[in-house]
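Trainee: Kindly return the folded structure for what I paste below:
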Amino acid sequence: MVVSPQWRSPALWLLAAAVAVGLLDDPLNLGLMDPMRGVMVFALLGLGLNIVTGFTGLLHLGMAAFMAIGAYAFAISSCDIYPFQLGFWSALAVTAAIGAIAGFLLGAPTLGLRGDYLAIVTLGFGEIVQDVLKNLDAITKGTQGINPLPPPSLPWWGENGFGWQEFGSGERPWYWLFLAITLVAVVACRNLERSRTGRGWLAVREDQLAASCMGIAPVPVKLVAFATGAALAAIAGGLWSSLYASTGEPGNYDFQVSVLALCIVIVGGIGSINGVLVGSVAMIGAANIALPKMASWLQQHGWVNSGNVLGSPNNWKYLVFGAVLVVMMRVRPEGLLPARLERKAIAPGGST
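Mentor: Take a look at the predicted model:
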């Protein structure tokens, strides 16, 4: 993959900030590595949704289902209680393939629908997946979740020479791994956007009839978008389950996760890759970093206590998300980093 030399600013600034966090977290005792991994997982989920909704213009409300499929596909292909017992990287590749197949199978019979009708179908698919995972306990272990899952391993020169070394429980190697995978996903999405496939997505989004008249077949284009977005969501689910060594219960992948992914895309800017990164930092960073630190500060000063309903940041986050969306729709409806500004910045002769 070739990265355009005109790929500038917000993404590079965010990468620089992420590298700074990785280097300075321990010396300064910032405590940011752990919550930032959640930010990167949801950035992957947002990138998948951005391909379907941002590039192709299809309202998708079931991304949590593909995240769940990815988590359970990774667990079943790698956990010791199943016969496959693949390593981390092989299991992650299988997870991406299964996610893409699931996206294709959902998209094939539904892409004749548009707008609200497609949104309702994808929403229903998300609920169906949850119920299937709960009730298929002979395979998925029901609400118990599948565990333990193997950690990643990387080639390393150790005491016994060169070989594969598994990650421990420390946050640092996990952080750099998640950052590297997110960076690869961003570069892949950028190259896809600039490819013939990406131009087909944008053409279908702008005017499907005009795209058909120009020789672009809308259905195959949409199917590729569905499969690609589902693969990214599945990878996010696989990484999430690997991080916590368990899939957790199926209820962890409910409709709220899909809405959160949609909020990330809307706040960042629909159709903007850099906007998805900014949106994930804004939304998940607020929930996983800002609110817990604020709650801790308020508790230290005796203004709230842990027994109070207001003392838990989890009780605030959806209020904050809703307020942010209302303000965004009133002040900046195109998002923090609209796609039109991003395309202008990377166009030949455009400012960066």
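Trainee: Now do the helices in the stretch 1-150 of the chain.
Mentor: Under the criterion DSSP state H, counting those that start in this stretch, the stretch 1-150 of the chain contains helices at 10-28, 33-49, 63-78, 88-110, 115-135, 137-140.
Trainee: winner for burial among these?
Mentor: helix 63-78 (a mean of 29; mean count of other Cβ atoms under 10 Å). Every C-beta, even on glycine, is put in place using the N, C-alpha and C of the backbone.
Trainee: How far away from the center of its chain is that helix?
Mentor: Offset of helix 63-78 from its chain centre (Cα atoms, centre = their mean, to the nearest Å): 13 Å.
Trainee: tilt between that helix and helix 33-49?
Mentor: Going by axes from the mean of the first three to the mean of the last three Cα atoms, to 10 degrees, helix 63-78 is angled at 110 degrees with respect to helix 33-49.
Trainee: between helix 63-78 and helix 88-110, how many degrees?
Mentor: Here helix 63-78 runs at an angle of 140 degrees relative to helix 88-110 (the same axes, to 10 degrees).
Trainee: returning to what we had before: do you know which of the helices of the stretch 1-150 of the chain lies nearest K293?
Mentor: Among the helices of the stretch 1-150 of the chain, helix 33-49 comes nearest to K293, with 9.6 Å by Cβ to Cβ.
Trainee: what's the angle between that closest one and helix 10-28?
Mentor: Counting by the same axes, to 10 degrees, helix 33-49 lies at 160 degrees to helix 10-28.
Trainee: helices or strands up against helix 33-49?
Mentor: helix 10-28, helix 63-78, helix 171-194, helix 218-243, helix 255-268, helix 273-285 (3 or more Cβ pairs under 8 Å, 6 or more residues apart in numbering; DSSP states H and E).
Trainee: And the helices of the stretch 1-150 of the chain: which comes nearest F321?
Mentor: Nearest of the helices of the stretch 1-150 of the chain to F321, taken as Cβ to Cβ: helix 33-49 at 12.4 Å.
Trainee: Now that we're looking at the residue lying closest to G335 once chain neighbours are set aside, what pLDDT does it have?
Mentor: Nearest residue to G335 in three dimensions, chain neighbours excluded: G269, at 2.9 Å (Cβ to Cβ, 6 or more residues apart in numbering). Note on G269: pLDDT of 90.
Trainee: just to revisit the earlier point, now the helices and strands packed on helix 33-49 in TSV, with distance to Q85?
Mentor: Listed next are the helices and strands packed on helix 33-49 as TSV, based on distance: least, Cβ to Cβ, whole Å:
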stretch	distance to Q85
helix 10-28	31
helix 63-78	7
helix 171-194	21
helix 218-243	14
helix 255-268	28
helix 273-285	32
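Trainee: which stretch in those helices is the model least sure about?
Mentor: Comparing mean pLDDT over these, the weakest stretch is helix 10-28, at a mean of 82.
Trainee: Please give me every residue in contact with the closest residue to I273 other than its chain neighbours.
Mentor: Among residues not flanking I273 along the chain, C189 sits closest, at 5.3 Å (Cβ to Cβ, 6+ apart). Residues near C189 by Cβ atoms under 8 Å, 6 or more residues apart in numbering: L47, N50, I51, L232, I273.
Trainee: Can you select the buried ones from these in PyMOL?
Mentor: In PyMOL syntax, the buried subset of the contacts of C189 is picked out as below (16 or more other Cβ atoms under 10 Å):
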select buried, resi 47+50+51+232+273
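Trainee: Nearest residue to the middle of the protein?
Mentor: The chain has L45 as the residue nearest its centroid, 1.7 Å off, counting by Cα atoms, centre = their mean.
Trainee: Kind regards, and thank you for your time.
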